[in-house]
Structure formats: C-alpha cells, structure tokens
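# just a sequence and a predicted model for now, questions to come.
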Amino acid sequence: QVQLVESGGGLVQPGGSLRLSCAASGITFSAYIMSWFRQAPGKERELVARISQFGSKTNYPEYPDSVKGRFTISRDSAKNTVYLQMNVLKPEDTAVYYCNAVHWVSSNAYWGQGTQVTVSS
C-alpha cells in the first residue's frame, strides 16, 4: 500500500519559515519524481517544486517564479522523504500543500492527504 504522509504545516507570520516533510512508503522512492503542489481556496492546484528521480540527468529541481529563491525542495533517499523548505513566506502562500509522486517510467502517480499552511499576522 502506497502512502505519502505530509507534515510540518501550520500558522506562521509573514516573513517566517516552515519546512514540510513527506514520508513515502510502499514505493521504490528513488524511481519517483517528487513534487509539491498547493491549492488555495477557490484556486486550481499549482506546482510549487519538483525534484527528479535519483540519477536523472534532466534539469531538476524546478520552481515557478512565484516561489523561486524562497522555496527549496530536497530528498533524502535513506529516509524515503522529500522536504520543502519555505522561507520569506507571504500571505499568498497560504494553501493546502500536497506531496506528489510520479514514477519516471510508468507515470503511476500518488498524492498525499495535504497539510495546511497559513501565513498571517
């Protein structure tokens, strides 16, 4: 059974930082492209960070302009965990953040349950 379990969300003031974690089980973690998406109320789900599978030669990680320079994605293969370090948070970063795993060959995809991030003073 595949599980992606996010943690680390919460309430933070503007300018603050949070680190999200996504622990994966039931998959060969190194074979999966790992991503973080977010969805704010009334908006579509959007990509915020992506990191390639282990050994990829493609130009990952990637970030949209809205978070570039503030967010950093990383992965720890020993712990089967992907992280999202979020710095200089803004109110517009408020959303539910989801972890996503996609197999680099089959494109089988899995989602976590989401973790709420609220940036407010």
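Yes, it's here.
# what is the burial count for the spatially closest residue to residue 13 that is not a sequence neighbour?
In space, and not counting its chain neighbours, residue 13 is closest to residue 121: 5.4 Å by C-beta to C-beta, 6 or more residues apart in numbering. From N, CA and C alone the C-beta is placed, and that goes for glycine too. Residue 121 has 8 neighbours, counted by other C-beta atoms under 10 Å.
# please apply the same query to residue 46.
Applying other C-beta under 10 Å, I find that residue 46 has 13 neighbouring residues.
# and it, what pLDDT?
In this model, residue 46 is scored at 95, pLDDT.
# tell me the bridge partners for it.
The partner list for residue 46 in beta bridges (DSSP bridges) reads residue 38.
# wait, it sits on residue 36?
No: applying C-beta atoms under 8 Å as the test, residue 46 and residue 36 come out as separate, 10.1 Å apart.
# assess the claim that residue 6 and residue 20 are in contact.
Yes: Residue 6 lies in contact with residue 20 (C-beta under 8 Å); the separation is 6.2 Å.
# any shared contact partners between these two?
Taking C-beta atoms under 8 Å, 6 or more residues apart in numbering as the criterion, residue 6 and residue 20 both touch 97, 99, 115.
# so what's the last one up against?
When contacts are counted by C-beta under 8 Å, 6+ apart, residue 115 touches 6, 7, 8, 9, 20, 96, 97.
# ok, the second one next?
Residues in contact with residue 99, defined by C-beta under 8 Å, 6+ apart, are 4, 6, 20, 22, 24, 34, 35, 36, 82, 111, 112.
# cutoff 6 Å now
4, 6, 22, 112 (C-beta atoms under 6 Å, 6 or more residues apart in numbering).
# farthest pair within these?
Using C-beta to C-beta, those reach their maximum pairwise distance at 4 and 6, which is 7.0 Å.
# which neighbours do those two have in common?
In contact with both residue 4 and residue 6: 22, 99, 112, using C-beta under 6 Å, 6+ apart.
# what score does the last one have for pLDDT?
What the model reports for residue 112 is a pLDDT of 97.
# got any ranges where this structure has weak pLDDT?
Across the chain, the ranges flagged by pLDDT under 70 are 55-60.
# what about the strands in it?
Assignment of strands within the chain using DSSP state E yields the ranges 3-7, 10-12, 18-25, 32-39, 46-51, 71-76, 81-86, 95-103, 109-111, 115-119.
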